[in-house]
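Visitor: Task: produce atomic coordinates for the following.
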Amino acid sequence: MKIKLIKNRSDIGAGTRGSDLGIDAIEIAAINASNDYFNRHLYEDVETHNETIYNKNTNDFAKRIEHVFEQCERVATSVQKNLQENYFPIVLSGDHSSALGTISGIKAAYPNKKLGVVWIDAHADIHSPYTSPSGNIHGMPLAAALGIDNLDSQINEPSPETLRFWNKLKNIGIPQSKIDPSHLIYFGIRDYEAAEQAIINKLGIQYYTVEQVRSSTIPTCIQETINKLQTCDLLYISFDVDSMDCDRISYGTGTPVPSGLYPEEIMQIIDLLILSKKVKCVEFTEINPLLDNKGNKMAETAFTVLDHISQAIEKSKSEE
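Guide: Model prediction:
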């Protein structure tokens, strides 16, 4: 099974422009490191809708939802096709709304298999149009994947048109929820709203804060994760670079949060998950070089992680 890079240069689900340049920034990091990574791996580009950022927004509680829906459909189609062609997709995305497309594509490729999701992020990304304080859809992919609205925490009155597309988002790939709440595990979350905390508590979703990761040790947390996801046939890892410590690395991401994980910890987490032999897809997202206060440091760090875990994936697949 060969790695295929899925390049999705879209940032229309974010609140700040610039993450669509994240892939180019990673490629520049590789060039500057004299690393031929992007020559060694197959890739395909996903068509984007970035030009729609100039259009008037008509969905205040789910901004540009009609275009995010189309983008997620495109990502889902690409991921499904590549999995069915026996590639290992590494999705390189702009903003995190695309993760719904990735999850939907995995389920479309394996509709009868149970999917586990490990979400490495500073944020919970489990809002819906009913609860989002910003209306930015990169904060909603997990609610759509779970098929939930969280009406108990409702603060917004979305329009019928917004809800029509919200329901379409929830049904990309296969017409139902993509994952069970017990099959979602967070690493590194530390910045979320009360509505998100409420639904996490209500659904009993497992999470590890940065402090818990360090106090319990990564191998212990990963063993607990693998045990909790033991009934899952497949695993997907979604890595948002804002999960990392912005003060230690850089502010080159749309919503930086201090006191995050270190790159070495990210690599160890993903390495140990890959050893389970269940990981079928990994995603990198939210690198924004326009916000980087240290040159191209965030992309350089992300590339170090990308190169490292790609080698771990290739080693794992060669041993199967």
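Visitor: can you tell me the average pLDDT over the longest helix anywhere in the chain?
Guide: Using DSSP state H to define each element, the chain has its longest helix at helix 297-318. Helix 297-318 carries an average pLDDT of 96.
Visitor: who touches that helix?
Guide: With contacts defined as CB atoms under 8 Å, 6 or more residues apart in numbering, helix 297-318 is touched by 1, 3, 22, 25-26, 28-30, 32-33, 35, 37, 41, 88, 90, 92, 239, 241, 244, 249-253, 263, 266-267, 270-271, 274-275, 277, 279, 282, 284, 287-289, 292. (C-beta placed from N, C-alpha, C; glycine too.)
Visitor: Tell me which residues of that helix come out buried.
Guide: Applying a neighbour-count criterion of 16 or more other CB atoms under 10 Å, the buried positions in helix 297-318 are 297-310, 312-314, 316.
Visitor: which among the contacts of helix 297-318 end up buried?
Guide: Taking 16+ other CB under 10 Å as the criterion, what is buried in the contacts of helix 297-318 is 3, 22, 25-26, 28-30, 37, 88, 90, 92, 239, 241, 244, 249-253, 263, 266-267, 270-271, 274, 279, 282, 284, 287-289, 292.
Visitor: Give me the subset of these that lies in helices.
Guide: Going by DSSP H, the helices hold 22, 25-26, 28-30, 37, 263, 266-267, 270-271, 274 from these.
Visitor: which one of those residues sits closest to Ala109?
Guide: Nearest to Ala109 among those is Ile274, at 19.0 Å by CB to CB.
Visitor: how close does that closest one sit to Asp95?
Guide: Relative to Asp95, Ile274 is positioned 25 Å away (CB to CB, to the nearest Å).
Visitor: do Glu70 as well
Guide: 14 Å.
Visitor: more neighbours, those two?
Guide: Neighbour tally, Glu70 and Asp95, criterion other CB atoms under 10 Å: the higher count belongs to Asp95, 31 against 19.
Visitor: Check what contacts the helix or strand where Ile106 lies and list those residues.
Guide: Assigned by DSSP states H and E, Ile106 belongs to helix 98-109. Outside helix 98-109, the residues that touch it by CB under 8 Å, 6+ apart are 8, 10, 13, 71-80, 83-84, 89, 91, 93, 115, 117, 125, 140-142, 144-145, 169, 172-174, 178-179, 234, 236, 238, 280-281, 283, 285.
Visitor: Same question for stretch 152-172.
Guide: 58-59, 61-62, 65-66, 68-69, 72-73, 76, 100-101, 104, 128-133, 144-145, 147, 177, 194-195, 198-199, 202.
Visitor: now do 7 Å
Guide: Contact with stretch 152-172 is made by 59, 61-62, 65-66, 69, 72-73, 76, 100-101, 104, 129-132, 144, 147, 195, 198-199, as judged by CB atoms under 7 Å, 6 or more residues apart in numbering.
Visitor: Of those residues, just the buried ones, PyMOL syntax please.
Guide: Remark: buried members of the contacts of stretch 152-172, expressed as a PyMOL selection using 16+ other CB under 10 Å:
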select buried, resi 59+61+62+65+66+69+72+73+76+100+101+104+129+130+131+132+144+195+199
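Visitor: Done for today, thanks.
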